[in-house]
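1. Make a model of this:
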Amino acid sequence: MSDTISKDESLSGWINGFIGVLLFSGSMPATKLAVMEMSPIFVTIARAAIAGILALSVLMIYKEKRPEKKQIFPLLLVSVGCVVGFPLLSALALQYLTSAHSIVFLGMLPLATAVFGVFRGGERPHPVFWFFSVIGSLLVIGYAVSQGISASPIGDILMLIAVILCGMGYAEGAKLSKTLGGWQVISWALVLALPVMIPLFFIYFPDHIETVSFKGWFGMAYISLFSMFIGFIFWYKGLAQGGIATVGQLQLLQPFFGLGLAAYFLHEQVSVGMLGVTVGVILCVAGTKKFAK
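-> Here you go, the predicted model:
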């Protein structure tokens, strides 16, 4: 599949993918702001419900046709992985971890996305691609270990499962984007979850919602609009244009953008060694791009 991608498509894919990564980078710090004042379950439900209503409105405005029957199951996988699975499990994990710790697990997301891209997207990257992908992931994980991050088995397991589900959702969504369209994929995935999310929104609505601060609402607004909807528009389009495994490696940069945001907004400590690791990660991303075919 990668061989059929033109240079213009590849460049557009990397640009769209990079914008998506930038928007996703604020997800963990913003989620942390939200779960500090609201329950992780409600945060997950609310972000999906808000984004779902927005997506339904956009679909109705543009009078988009409904997905075909064969597209329903892949859309359900996107919904399970990206609308429910990753948001819920990562929000639960943040009860045990700092956002800086949780962001480190995102270093494994490119590998997960690439693996699902092979099994579900039919992609066959060059063997050297896997070398750079693994090295990039190890750099991110190694950096986290070097910071002396305190271990939390429950939080770590939750984040690991979240990353696997997210990789599945990314690959399925990218594959669908080729026929359904990038923003249409995440929109229909959100709409499929709405019948469940709307009732749960009222069931889990907090009793003392008036005590939630501006920071808490800001976190909720960000993950509902940018993490759950707008970011996916660019991300799925980028994956579809440039290749799931290839463009997916841009996610290696996400932890470092996220760590910077966590340091600025949440005052979480980030080592200066991050700069050197970032350079190494960028080189790995360049390597995966070169050997993607």
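2. okay, and for the stretch 151-293 of the chain, where does confidence drop off?
-> Regions of the stretch 151-293 of the chain meeting the criterion pLDDT under 70 cover residues 151, 269-276, 278-279, 289, 292-293.
3. now with 80?
-> Along the stretch 151-293 of the chain, segments meeting pLDDT under 80 span 151-153, 245, 252, 255-256, 258-260, 262-293.
4. for it, what spans make up the helices?
-> Applying DSSP state H, counting those that start in this stretch to the stretch 151-293 of the chain gives helices spanning 153-180, 182-203, 214-222, 231-242, 244-248, 254-265, 274-290.
5. Give the other helices and strands that the host helix or strand of residue 77 contacts.
-> Taking DSSP states H and E as the criterion, residue 77 maps to helix 69-78. Applying 3 or more C-beta pairs under 8 Å, 6 or more residues apart in numbering; DSSP states H and E, we find helix 69-78 packed against helix 153-180, helix 182-203. C-beta coordinates here come from the backbone N, C-alpha and C atoms, glycine included.
6. Dump the shortest one to PDB, restricted to CA.
-> Right, helix 182-203. Taking C-alpha atoms only, helix 182-203 is exported to PDB below (Å, rounded to 0.1, in the frame of the first residue of the first chain):
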ATOM      1  CA  GLY A 182     -11.200  11.400   8.000                       C
ATOM      2  CA  TRP A 183     -13.600  13.500   9.900                       C
ATOM      3  CA  GLN A 184     -16.500  11.300   9.000                       C
ATOM      4  CA  VAL A 185     -14.800   8.300  10.700                       C
ATOM      5  CA  ILE A 186     -14.400   9.900  14.100                       C
ATOM      6  CA  SER A 187     -17.800  11.500  13.800                       C
ATOM      7  CA  TRP A 188     -19.700   8.200  13.100                       C
ATOM      8  CA  ALA A 189     -17.600   6.500  15.800                       C
ATOM      9  CA  LEU A 190     -18.800   9.100  18.300                       C
ATOM     10  CA  VAL A 191     -22.400   9.000  17.100                       C
ATOM     11  CA  LEU A 192     -22.400   5.200  17.600                       C
ATOM     12  CA  ALA A 193     -21.400   5.700  21.200                       C
ATOM     13  CA  LEU A 194     -24.100   8.400  21.800                       C
ATOM     14  CA  PRO A 195     -27.000   6.100  22.700                       C
ATOM     15  CA  VAL A 196     -24.900   4.800  25.600                       C
ATOM     16  CA  MET A 197     -23.100   8.000  26.600                       C
ATOM     17  CA  ILE A 198     -26.200  10.300  26.900                       C
ATOM     18  CA  PRO A 199     -28.000   8.300  29.500                       C
ATOM     19  CA  LEU A 200     -24.800   7.600  31.400                       C
ATOM     20  CA  PHE A 201     -24.000  11.400  31.400                       C
ATOM     21  CA  PHE A 202     -27.100  12.000  33.500                       C
ATOM     22  CA  ILE A 203     -26.500   8.900  35.700                       C
END
